[in-house]
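S.K.: fold the following.
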Amino acid sequence: MKLAPQEHAEGIDNATTLARAEAAIAAGSRSLVNFALFSMVRCLWPRKRPAQAERVAVYRIGNLGDIACAVPALHAIRRAYPKARLVLVTSPGRRGMPGAADLLASVSWIDEIAAYHSEEIAGLGGQLRWISEMRARQFDMWIELSAVAAPLSTILRNIAAARMTGVKWASGWRYDRLRLFARAQSDLIDFPNESTRMMRIVSAAGFAQASSSIAAMLELGSRERDAVDRLFAAESIGSADLLALAPGAKAPPNRWPVDRFIEAGRYLADRGTRVVVLGSVQERDLCGRVAGAIGARASNLAGRASVRESCEILRRCALLVCNDSGVQHLAALIGTPSISIFSCRDFRGKWFPAGGYNVVLRKSVPCHTCFVETCPYDNRCIGLVTADEVIAASGQFLNFTQHSEAALAATAS
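M.R.: Prediction:
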């Protein structure tokens, strides 16, 4: 049955009203849960945040993107306690995954990275041993920068674990995983990006954001510069406009079609841009395929640079084109603009890179905010982003040069 125009408009109005009500219910529920968590923590640690502390633990787990997003918040805590022993307690997950040690092990303002792996705390015995190790350190303060996807049960477990370590003061837990009325939330709620969410957690505890350059917090130095100089010399990479492509992503729905990375990269390379393709050792073949298809003006650097050296490479690039993955957050930390290509499987905004100079390309579909690990519709939403859109967005960051007739002919063939 076809609706009359008036009936159709009324149906749209009713749907909008319902979505607004659903989003309000979800937002209110999240606020109630967080108020309850705040009240619980204040009952367990009723004293005010101490002005001085000798030993401070910051708990933040996750891979490179999670850690990169937390760097400004970590640095705010360090600024508040410049003389304390600051320990980052962290886990990248299972052994072999990249994490905080790869990015921050050599920075001077973190005294220690106490890393563990998920298999070490898989059972009750492992968890109790870990708590005993933390208790032996006699921390004065414990601040948790909760993972955005942490379920409430995990947050409650972590509060209990922190209490068992005997810390004198603790703060930071926040619940943001609520998926009630997910599509209405994504349509109508402006979610902060993860870096902003981390800063809000520490700001609520009274820590002020650093005024210094965020890139300076990484303390990239001669070691990284010399290593990249050698790598660039081996690949005959000069100082012309550099474009970084990062075609990998951990979650399959977050992977833009490889042929579109190739199409965009080839177009930009043909206009004088030098292309470097970045990725992990596991992504070497994928990145090699992209670089090989682009041609002589592209180099596959996947697996050939450490995480910190990759940050130095990104620092030298005019632009990064990537999927929703950790590399966009490394670029944001360095201050390199990015064009990030997103699926719409998660809440809109949550994993957008920090900084107003970035471009996010994200297309909505009726099944958005699905949280799936494998898309039954062949990654429909991310597939709607075209190479032409990426090329058009690149124009504000790169200086295109005119094709020669020979280059045009080569492209056409």
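S.K.: so what's residue 224 up against?
M.R.: Contact analysis of residue 224 by CB atoms under 8 Å, 6 or more residues apart in numbering lists 306, 308, 309, 311, 312. Where C-beta positions appear, they are placed from N, C-alpha and C, glycine not excepted.
S.K.: the same query, at a cut-off of 7 Å, please.
M.R.: For residue 224, the contact set (CB atoms under 7 Å, 6 or more residues apart in numbering) comprises 308, 309, 312.
S.K.: just checking, the last one touches residue 226?
M.R.: Okay, so that is residue 312. No: counting by CB atoms under 7 Å, residue 312 does not reach residue 226; the two are 9.6 Å apart.
S.K.: look at the two and report which has more neighbours.
M.R.: Between residue 312 and residue 226, residue 312 has the larger neighbour count (other CB atoms under 10 Å), namely 22 against 12.
S.K.: so who does the more buried one touch?
M.R.: Applying CB under 7 Å, 6+ apart to residue 312 gives the contacts 220, 224, 225, 228.
S.K.: can you list those in CSV and add secondary structure, distance to residue 256 and pLDDT?
M.R.: Putting those into CSV (DSSP: H, G, I helix; E, B strand; the rest coil; distance: CB to CB, whole Å; pLDDT from 0 to 100) gives the following:
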residue, secondary structure, distance to residue 256, pLDDT
220, coil, 28, 96
224, helix, 28, 97
225, helix, 31, 97
228, helix, 26, 98
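S.K.: could you measure from residue 254 over to residue 154?
M.R.: Applying CB to CB, to the nearest Å, the value for residue 254 to residue 154 is 23 Å.
S.K.: more neighbours: which of those two?
M.R.: residue 254 (22 against 15).
S.K.: isn't that one right up against residue 343?
M.R.: Yes: between residue 254 and residue 343 there is a contact under CB under 7 Å: 5.4 Å.
S.K.: shared neighbours of those two, anything?
M.R.: In contact with both residue 254 and residue 343: 324, 382, using CB under 7 Å, 6+ apart.
S.K.: mind listing what's buried along stretch 250-259?
M.R.: Residues of stretch 250-259 classed as buried: 251, 253, 254, 255, 256, 257 (neighbour count, 16 or more other CB atoms under 10 Å).
S.K.: tally of neighbours for residue 138?
M.R.: 12.
S.K.: between the two ends of stretch 339-356, how far is it?
M.R.: Start-to-end span of stretch 339-356 (CA to CA, to the nearest Å) is 12 Å.
S.K.: in strands, which of the contacts of residue 224 appear?
M.R.: Judged by DSSP state E, the contacts of residue 224 include no members of strands.
S.K.: end-to-end on stretch 253-260?
M.R.: The first residue of stretch 253-260 is 15 Å away from its last residue (CA to CA).
S.K.: chain center to that stretch, what's the gap?
M.R.: Taking CA atoms, centre = their mean, to the nearest Å, one finds stretch 253-260 lying 18 Å from the centre of the chain it belongs to.
S.K.: try stretch 241-260
M.R.: Remark: stretch 241-260 is offset 15 Å from the chain centroid, using CA atoms, centre = their mean.
S.K.: next: stretch 342-358.
M.R.: Chain-centre distance of stretch 342-358: 9 Å, with CA atoms, centre = their mean.
S.K.: how close does the closest residue to residue 279 other than its chain neighbours sit to residue 21?
M.R.: Sequence neighbours aside, residue 302 is the residue nearest to residue 279 in space, at 3.6 Å (criterion: CB to CB, 6 or more residues apart in numbering). Here the distance between residue 302 and residue 21 works out to 48 Å (CB to CB).
S.K.: so the two - more neighbours on which side?
M.R.: The residue with more neighbours, out of residue 302 and residue 21, is residue 302; 25 against 12, by other CB under 10 Å.
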